[in-house]
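**Student:** give me a 3D structure for the following:
(one chain, ligands or ions: 1)
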Amino acid sequence: MGDYRLLAKAAPVSCFGSTELNTVIEDMRDTMDSLNGAGLAAPQIGVSLRVLIFGVHNNPRYPDAEDVLQTVLINPEIEVLEEAIEHGWEGCLSLPGLRGYVPRFKRIRYIGFDEHGVHIEREAEGFHARVVQHEYDHLNGILYPMRMNDMSRFGFEEVLNL
Ligand code: NI
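**Tutor:** This is a model prediction of the structure:
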């Protein structure tokens, strides 16, 4: 947090299947896996492209979260399916050690492409919808504290009573 690249609007990917794109995705996967992230956006590794990865399975940072399919999502768009808002605790690999209680839309549809350029369209709710909205925000220079409306619920995970 504080790096100007996390505040920029990332550019769309125009070419699928390139070595450069595959290398970015590999680097993202290594970073996410080594830090037990639920998701990662390319700007978090200093690459200003609209590329997200996410997925949750037995994640020690999110022990209560339901599984989310491992996904590469490129040039994503989000449609809100219900205006209902849900609050939940989030962390971010760009804000190590911190957690915040963040409002998100409960139910969304997201569309985009995988790394081969194959169209993806899914509906998501709960933690899955939260992860996608969090990662999508990174592509528009938004970090989760900017979404919070109660800063008393922002702090270090080792002292927060989650
Ligand atoms: Ni994040």
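**Student:** any idea which helix is longest in this protein?
**Tutor:** Ranked by residue count, the top helix of the chain under DSSP state H comes out as helix 19-34.
**Student:** what segments of this structure are helices?
**Tutor:** So, for the chain - with DSSP H - the helices run 19-34, 126-138.
**Student:** same list (the ones you listed) but as a markdown table, adding mean neighbour count, distance to residue 103 and mean pLDDT.
**Tutor:** Quick note: C-beta positions are derived from backbone N, CA and C, even for glycine. Supplementary listing: the helices of the chain in a markdown table, determined by neighbours: other Cβ atoms under 10 Å; distance: least, Cβ to Cβ, whole Å; pLDDT from 0 to 100:
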| stretch | mean neighbour count | distance to residue 103 | mean pLDDT |
| --- | --- | --- | --- |
| helix 19-34 | 15 | 24 | 97 |
| helix 126-138 | 23 | 10 | 98 |
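**Student:** turn those helices into JSON lines, columns for distance to residue 119.
**Tutor:** JSON lines is the format used below for the helices of the chain (distance: least, Cβ to Cβ, whole Å):
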{"stretch": "helix 19-34", "distance to residue 119": "17"}
{"stretch": "helix 126-138", "distance to residue 119": "16"}
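**Student:** out of the ones you listed, which gets nearest to residue 44?
**Tutor:** Smallest distance to residue 44 across those (Cβ to Cβ): 6.2 Å, for helix 126-138.
**Student:** distance between that closest one and the chain's centre?
**Tutor:** Going by Cα atoms, centre = their mean, to the nearest Å, the spacing between the C-alpha centre of helix 126-138 and its chain's C-alpha centre is 5 Å.
**Student:** packing partners for that helix?
**Tutor:** strand 39-41, strand 51-56, strand 68-90, strand 98-113 (3 or more Cβ pairs under 8 Å, 6 or more residues apart in numbering; DSSP states H and E).
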